[in-house]
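Asks: Below are the sequence and a predicted model for it; my questions follow.
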Amino acid sequence: MSRIGRMPIAIPAGVTVEVAENNTVTVKGPKGTLSRVMPKEMTIEVKDNTVTVSRPNDLKREKSLHGLTRTLINNMVIGVTQGFEKKLEINGVGYRAAKQGKKLVLSLGYSHPVEMEDPEGLETAVDGQIITVKGIDKERVGQLAAEIRSKRAPEPYKGKGIKYVDETIRRKVGKTGKKA
């Protein structure tokens, strides 16, 4: 039995979870509404302020989907109650970030500024050298943070670029001069 998959998900007050046909799970909460189609093999039951996920048999595919389905539903419940956020840090001389309305403007050493529009349902904030991405969908928050990071990924020699706040960059030693 999947250790993660068999754990029940507690539904906090003010949150409703509905399971429609073909396993479409809709979670409504104070921060918004999330909906997702879950694998049809899984059985999702909502009763007594808990959600339980069960699988029909012990095939490898069903075992894999069991824990995944439970985690996706749990992330939806957490998203509509608390939300998710990722923080990125800009390192480098002359590297800057600024907000212009719903646009994130990055100066990253290119000949032009890099502009990124905030997608629907996500919000970016800039505080000095820290960029914060907030939203209720964990997958979309992570994807936007990865796209921002990819505009200038950190390099290993000086550590310049955009990195996650909790990320460590493995540094390399540069070239040494040749002695005659």
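Replies: Received it, and whenever you're ready, just let me know what you need. Numbers count the residues shown, from 1 in each chain.
Asks: show me the contacts for Leu104.
Replies: Shown in contact with Leu104 (C-beta atoms under 8 Å, 6 or more residues apart in numbering): Ala97, Ala98, Glu115, Met116, Glu117, Asp118, Thr124, Val126, Ile131, Ile148. All C-beta atoms are positioned from the backbone trio N, CA, C, and that covers glycine.
Asks: what does Thr43 give?
Replies: Here Thr43 is in contact with Val53, Ser54, Arg55, Pro56 (C-beta under 8 Å, 6+ apart).
Asks: Pick out the residue nearest the middle of this protein.
Replies: Gly142 (2.8 Å; C-alpha atoms, centre = their mean).
Asks: That one: what's it in contact with?
Replies: Here Gly142 is in contact with Lys86 (criterion: C-beta under 8 Å, 6+ apart).
Asks: related to what we said a few turns ago, in ChimeraX, select just the buried ones from the contacts of Thr43.
Replies: A single ChimeraX command selects the buried members of those (16 or more other C-beta atoms under 10 Å):
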select :53,54,55
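Asks: Now flag whichever of the contacts of Thr43 is closest to Pro156.
Replies: Val53 (41.8 Å; C-beta to C-beta).
Asks: How much space separates the closest residue to Lys99 other than its chain neighbours from Ile90?
Replies: Of all residues not flanking Lys99 in the chain, Val126 sits nearest, at 5.2 Å (C-beta to C-beta, 6 or more residues apart in numbering). The gap separating Val126 from Ile90 is 9 Å, by C-beta to C-beta, to the nearest Å.
Asks: out of those two, which sits in the busier spot?
Replies: Ile90 (22 against 17; other C-beta atoms under 10 Å).
Asks: secondary structure class for the residue nearest to Lys99?
Replies: Secondary structure state of Val126, per DSSP: H, G, I helix; E, B strand; the rest coil, is strand.
Asks: ok, now Lys134?
Replies: State at Lys134, reduced to three classes by three-state DSSP: strand.
Asks: pretty sure it contacts Gly83?
Replies: Yes. Between Lys134 and Gly83 there is a contact under C-beta atoms under 8 Å: 6.1 Å.
Asks: circling back to that earlier point, who are the contact partners of the residue nearest to Lys99?
Replies: Val126 touches Ala97, Ala98, Lys99, Leu104, Thr132, counting by C-beta under 8 Å, 6+ apart.
Asks: Over to Arg55?
Replies: Arg55 touches Ser2, Gly5, Glu41, Met42, Thr43, Glu62, Lys63, Leu65, His66, counting by C-beta under 8 Å, 6+ apart.
Asks: Okay, buried residues for the longest helix along the chain please.
Replies: If you go by DSSP state H, the chain has its longest helix at helix 60-81. Of all the residues in helix 60-81, those buried under the rule 16+ other C-beta under 10 Å are 62, 65-81.
Asks: now do stretch 157-171
Replies: Here stretch 157-171 shows Lys160, Gly161, Ile162, Lys163, Ile169 as buried, counting by 16+ other C-beta under 10 Å.
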